[in-house]
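Participant: Give me coordinates for this.
(one chain, ligands or ions: 2)
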Amino acid sequence: MRENRVRSIWEGGGVALNGWLHVPSSFSAEVMAHAGYDSLTIDLQHGPPDVGSVIPMFQAISTTDVVPFARVNWNDPGTIMKLLDAGCYGVICPMIEGRRDAEAFVGACRYPPQGYRSYGPFRANLYGGPDYAANANETVVTMAMIETKDALEDLEGILAVPGLDAVFVGPSDLGQALGYGPGMDREEPEVVEAIGQIVGSAREKGLAAGIFTASTEYAGRMIEAGFNFVNVSSDAHLMADAASNAVAALRGRRPPS
Ligand code: 3PY
Ligand code: MG
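Facilitator: Numbers count the residues shown, from 1 in each chain. Ligands and ions are numbered 1, 2, ... in the order given. Model (predicted):
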């Protein structure tokens, strides 16, 4: 069975650097896969990719040893199982509100008796190897997004769910839930405190902790705070930033007359 390198990084006390894929293209996924990330997450919640886009993108990613993750659009067992069958090695689930949501999510990712995942790993067998099903429960990473007030209130209940590997902070929804509106790289003391509570409690329980950031500077601070799965920006934003910087650097220049 192909190992999940994100787990190995965590076991070694390191930080997994994750890239975010909003562009529903196998070519851009391949370009990102060659950038040196440890994992890449295809975003089915707020990005254009849908379930049909995922297989060519996973195939492109698997030309490298980058670990294929996906953020699902909701805590929907059908979609989660389809992505896992396609070879997804890590699932990030948005809007987990409490222990019961987390149990349903983790159960969808685990074969019985630990969960209720249905059998049919049509591509996972090719990506992971013929012994995929026997080892999938210990290999696939489950990450519950903590980004609502209810999740903060039931944080201990969520973290206690057997088989949950990690939490992932969604700063926009979390900030919105606390009354500050959307945005990344939060500085409001109440939001910063909530983020600290999430990473502190997760790491104390032996779980990993991830966060979405917009800058390497803030991501560095989050690593100092204990996060061991950090994401900076997305393929679309990185492309837009680099393109507009190039245009801005030259706009207005004229050849000598
Ligand atoms: C959020 O900021 O709410 C997210 O879900 C990040 O992708
Ligand atoms: Mg969110």
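Participant: So what's the residue count around the residue of the chain found nearest ligand 1?
Facilitator: Nearest to ligand 1, among the residues of the chain, is G170, at 2.7 Å (Cβ to the nearest ligand atom). Backbone N, C-alpha and C define where each C-beta goes, glycine included. When neighbours are defined as other Cβ atoms under 10 Å, G170 has 25 of them.
Participant: How about the contacts made by it?
Facilitator: For G170, the contact set (Cβ atoms under 8 Å, 6 or more residues apart in numbering) comprises P94, M145, I146, E147, F212.
Participant: do that again at 7 Å, thanks
Facilitator: P94, M145, E147, F212 (Cβ atoms under 7 Å, 6 or more residues apart in numbering).
Participant: The residues you listed also near ligand 1: which ones?
Facilitator: P94, E147, F212 (Cβ under 6 Å from any ligand atom).
Participant: Filter these down to the ones in strands?
Facilitator: F212 (DSSP state E).
Participant: List buried residues within the ones next to ligand 1 among the contacts of G170.
Facilitator: The neighbour-count test (16 or more other Cβ atoms under 10 Å) marks P94, E147, F212 as buried among those.
Participant: Okay, and the beta partners of the nearest residue to the last one once chain neighbours are set aside?
Facilitator: What that stands for is F212. Distances taken as Cβ to Cβ, 6 or more residues apart in numbering put N231 closest to F212, at 5.0 Å, once the chain neighbours are dropped. Note on N231: beta-bridge partners N18, F212, judged by DSSP bridges.
Participant: Give me the neighbour count for N231.
Facilitator: Counted with other Cβ under 10 Å, N231 comes out at 25.
Participant: for ligand 1, what are the nearby residues on this protein?
Facilitator: Counting by Cβ under 6 Å from any ligand atom, the chain sits next to ligand 1 at P94, E147, G170, P171, S172, D173, F212.
Participant: Since that was my last question, I'll sign off now.
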